[in-house]
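Colleague: need coordinates for the following:
(chains A and B)
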Amino acid sequence: MFENLSNRLGEVFDRLRKRGALSEADVDAALREVRVALLEADVALPVVKDFVAGVKEKAVGEQVVKSVTPGQMVVKIVHDHLVETLGAESKGVNLNAPAPVPVLMLGLQGSGKTTSTAKIALRLKTRDKRKVLMASLDTRRPAAQEQLAILGIQADVPTLPIVPGEPPVAIARRAMQTARLEGYDVVMLDTAGRLHVDDELMGEVAAVRDAVKPVESLLVADAMTGQDAVNVAKSFNERVGLTGIMLTRIDGDARGGAALSMRAVTGCPIKLLGVGEKLDALEDFHPDRVAGRILGMGDVVSLVEKAAETIEQEEAEKLAARMQKGQFDLNDLAQQLKQLQKMGGLGGVMGMLPGIGKMQKQLAGAKLDDKLLGRQQAIISSMTKIERRKPELIKASRKQRIAAGSGTTVQEVNKLLKQHQEMGRMMKQMNKLGKKGLMRHGLGGLMPR
Amino acid sequence: MSETETTQEAAAKRGWFARMREGLSRSSSRLSEGITGIFTKRRLDDATLEELEELLIAADLGVTTAAELTATLRRNRFNQEVTPEEVRAALAEEIAKILEPVAEPFELDPAKKPQVMLVVGVNGSGKTTTIGKLAKALREEGKSVMLAAGDTFRAAAVEQLKIWGDRTGAPVIARETGADAAGLAYDALVEAQRAGVDLLLIDTAGRLHNKADLMAGLSKIIRVLRKVDETAPHDCLLVLDATTGQNAHQQVEVFREITNVTGLVVTKLDGTARGGVLVALAEKFKLPVHAIGVGEGADDLRPFEARTFARSLMGLDS
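Modeller: All right, here's what the predicted structure looks like:
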């Protein structure tokens, strides 16, 4: 989501990097761009002003002018300040209370509360081994309670039986009662979407809060939210009292300035990110990584972690051993493609890579999509076993056969072979670069150019 | 009948203005307070213009549009002594000028029977609710409407549309969750032709515009519809959430590319979010804005009126 912001700042700092020394005028010019970039990224105006003022205070001065690479210095100051504004550390859902722990989910209509409720419940069940009960207090939107019930079945998390016509506060009380009697650890309460200026409904949710005394009150907000994010977050915090924020639709291409705004205006930590429609598409919030991503420095840590989760250890070790011997054949490439797909496809991986912000535009222009991975796998599948082990055998007529077999063109086959060659070349350099280098160049090598 | 209609109309009209102003006054009171703060009979200088620009940005108009509007004001009023009202009126006038060409209510074409409307948008923008409200409005005009529950992905989306069908007396064509949306759209169009309804409203699953595979799913629905009727879909409505910030630009751009969007509906305008991005969208894409959503009730869909919207945005009476 933050790619566009990284683009902007990337351009500014590219200019800075090209200059030797940094004058006050340079800082001012950079900060004007930072201001516009942040505003276009939907960061709320007061937050932008504070941010820019804070950066300027730190940036203009001797430390920058005298530093060896002034551009990098400014990048670092902006980055540190971003991290500071986003919140210094990441925290999961707080369950530090006697069971059953009530968790209240709040937000505007359509922000993604119900899906998020099920996502958190699923994670608490599978990762934290908690016994979770979900209850929908949404008596307003048609079929909202049914929606949570269906998600409960999908996630294999029990939901409170629906009693038609029961008011929200009564549902909440019944949920807590049921949880106490049946020994649940956590009760997830999904409320109806409401406007923060709707007095009646805000009163209703305040009554729910008083009835259950939630340990967590999470504001679920759309990453696409504009300047209004500050009003929403402020009102919910004042009326109900928030303990954290969950940002949804991070998998979109919104610049996500709302994250900065809401964090700054409420002081509440951003705890979780929704990154897709599937119930396991939930991630912890890491401010340092997100800030790095905003600045075009990439989210390498996330990528490495995700890779570690997805790629089976054994396979990875085998692959690494083969690579070191310089025996990287097309079977290995096929293996890598498969793992890449597991990690959420090219789009998922590339969003996390450094320096990709600018490339993404070109990639979008090239109509690149995840089908590419599938096509490349098809090409390799259309080769004989011998060809896969010894790609140098593949000449014109074999290429034609492979193209026909995989429903692609000879050009595409050529492209894949060239890519494999380049990867092989990089593998050799890799030993010098170490593990971090492998991650960057190995996956970078996969990208078509 | 005509008598009741007029009373209803009058009621609706009053309701709309009142509601819109009520909603808008919340945010625009801040906006106009800000402006009042700047201009208590003051000279319009650079500093004031900059503050003014920032106020427009805070209403989601975007950096570029805010700069343009301020530049116009600078040309016309620079260094003059001005009151807050004058500034607000002038700005509202400029905004209305931008919005007027796109304020086009949705019209049914009697020549097309059934007229087919595809409703698209990102997740949670309010597609299903908008369909429910549209169906209600058209049913009240005596038109026959059929609904197709094309959101076969989200849990209980089909049930949600069925409830709207019951409320408005419109038949709903549905399959189980997980079914092929394009196949369902095909069946619905065949059924709509057979029944000879005036309008077929096709709901779709919410999708983020940057997901190529999901957007391809939309193209497929259109391709399949064209097998039944080459001219379908006649309308493609993009539903935008007023809370959305500058990302609305990308949404319109991509959805327009894939589905040939013919009109917009802006929802959730009853909050403090003013949907100021609409001004920039009108300038850039010139897509008609058919209606605005101002609440969750069946009657909370209103025609979009440029002047009212602009003047309310600036905290002025209509």
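Colleague: near residue B:101, how many other residues are there?
Modeller: 12 (other C-beta atoms under 10 Å in any protein chain shown). Glycine gets a C-beta too; all of them are placed from N, C-alpha and C.
Colleague: list the residues that contact it.
Modeller: B:282, B:286 (C-beta atoms under 8 Å, 6 or more residues apart in numbering or on different chains).
Colleague: that one: what secondary structure?
Modeller: Judged by DSSP: H, G, I helix; E, B strand; the rest coil, the three-state class of residue B:101 is helix.
Colleague: any idea of the pLDDT on it?
Modeller: The per-residue pLDDT reported for residue B:101 equals 95.
Colleague: now do residue B:210
Modeller: 86.
Colleague: and the residue of the stretch 201-318 of chain B found nearest chain A, what pLDDT?
Modeller: The minimum distance from the stretch 201-318 of chain B to chain A, using C-beta to the nearest C-beta, falls at residue B:245 (2.5 Å). Looking at residue B:245, its pLDDT reads 90.
Colleague: that one touches residue A:43, doesn't it?
Modeller: No. Between residue B:245 and residue A:43 there is no contact under C-beta atoms under 8 Å: 9.3 Å.
Colleague: assign the closest residue to chain B within the stretch 51-200 of chain A to helix, strand or coil.
Modeller: Scanning the stretch 51-200 of chain A for the residue nearest chain B gives residue A:110, at 2.9 Å (criterion: C-beta to the nearest C-beta). On the three-state scheme (three-state DSSP), residue A:110 is labelled coil.
Colleague: what residues are up against it?
Modeller: So residue A:110 contacts A:193, A:222, B:123, B:124, B:125, B:126, B:241, B:268 (C-beta under 8 Å, 6+ apart).
Colleague: would you turn those into a markdown table with pLDDT?
Modeller: Shown next, in a markdown table, are the contacts of residue A:110 (pLDDT from 0 to 100):
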| residue | pLDDT |
| --- | --- |
| A:193 | 92 |
| A:222 | 93 |
| B:123 | 93 |
| B:124 | 92 |
| B:125 | 93 |
| B:126 | 93 |
| B:241 | 94 |
| B:268 | 92 |
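Colleague: tell me where the chain has strands.
Modeller: Going with chain A. Secondary structure of chain A (DSSP state E): strands located at A:101-106, A:132-136, A:186-190, A:216-222, A:244-248, A:270-274, A:282-284.
Colleague: meant chain B, my bad for not saying
Modeller: Under DSSP E, chain B gives strands at B:42-43, B:81-82, B:115-120, B:145-148, B:172-173, B:199-203, B:235-241, B:263-267, B:289-293, B:301-303.
Colleague: now tabulate these in a markdown table and tack on distance to chain A.
Modeller: Listed next are the strands of chain B as a markdown table, based on distance: least, C-beta to the nearest C-beta, whole Å:
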| stretch | distance to chain A |
| --- | --- |
| strand B:42-43 | 21 |
| strand B:81-82 | 23 |
| strand B:115-120 | 14 |
| strand B:145-148 | 13 |
| strand B:172-173 | 12 |
| strand B:199-203 | 13 |
| strand B:235-241 | 6 |
| strand B:263-267 | 8 |
| strand B:289-293 | 10 |
| strand B:301-303 | 15 |
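Colleague: hmm, back to that, between residue B:245 and residue A:43, which has more neighbouring residues?
Modeller: Ranked by neighbour count (other C-beta under 10 Å), residue B:245 and residue A:43 place residue B:245 first, with 32 against 29.
Colleague: what's the local residue count around the closest residue to that one other than its chain neighbours?
Modeller: Closest residue in space to residue B:245, ignoring its immediate chain neighbours: residue A:226 at 2.5 Å, by C-beta to C-beta, 6 or more residues apart in numbering or on different chains. As a burial measure, residue A:226 scores 32 neighbours (other C-beta under 10 Å).
Colleague: so who does residue A:226 touch?
Modeller: Counting by C-beta under 8 Å, 6+ apart, residue A:226 makes contact with A:42, A:258, B:60, B:243, B:244, B:245, B:246, B:273, B:276, B:277.
Colleague: ditto for residue B:268
Modeller: Counting by C-beta under 8 Å, 6+ apart, residue B:268 has contacts A:108, A:109, A:110, A:195, B:126, B:241, B:242, B:243, B:293.
Colleague: and the closest residue to the fifth one other than its chain neighbours, what's its pLDDT?
Modeller: Spatial nearest neighbour of residue B:126, excluding adjacent residues (C-beta to C-beta, 6+ apart): residue B:267 at 3.8 Å. Predicted confidence (pLDDT) at residue B:267: the value is 94.
Colleague: same check on residue A:77?
Modeller: Predicted confidence (pLDDT) for residue A:77: 75.
Colleague: okay, and the beta partners of residue A:222?
Modeller: For residue A:222, the beta-bridge partners under DSSP bridges are residue A:248.
Colleague: which ones are touching it?
Modeller: Contacts of residue A:222 by C-beta under 8 Å, 6+ apart are A:108, A:110-112, A:247-249, A:254, A:258, B:124, B:241, B:243-244.
Colleague: of those residues, which is the nearest to residue B:94?
Modeller: Nearest to residue B:94 among the contacts of residue A:222: residue B:244, at 22.8 Å, using C-beta to C-beta.
Colleague: before we move on, back to that, the contacts of residue A:110, buried ones only, as a ChimeraX selection?
Modeller: Selection of the buried residues among the contacts of residue A:110 in ChimeraX, burial being defined by 16 or more other C-beta atoms under 10 Å in any protein chain shown:
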select /A:193,222 /B:123,124,125,126,241,268
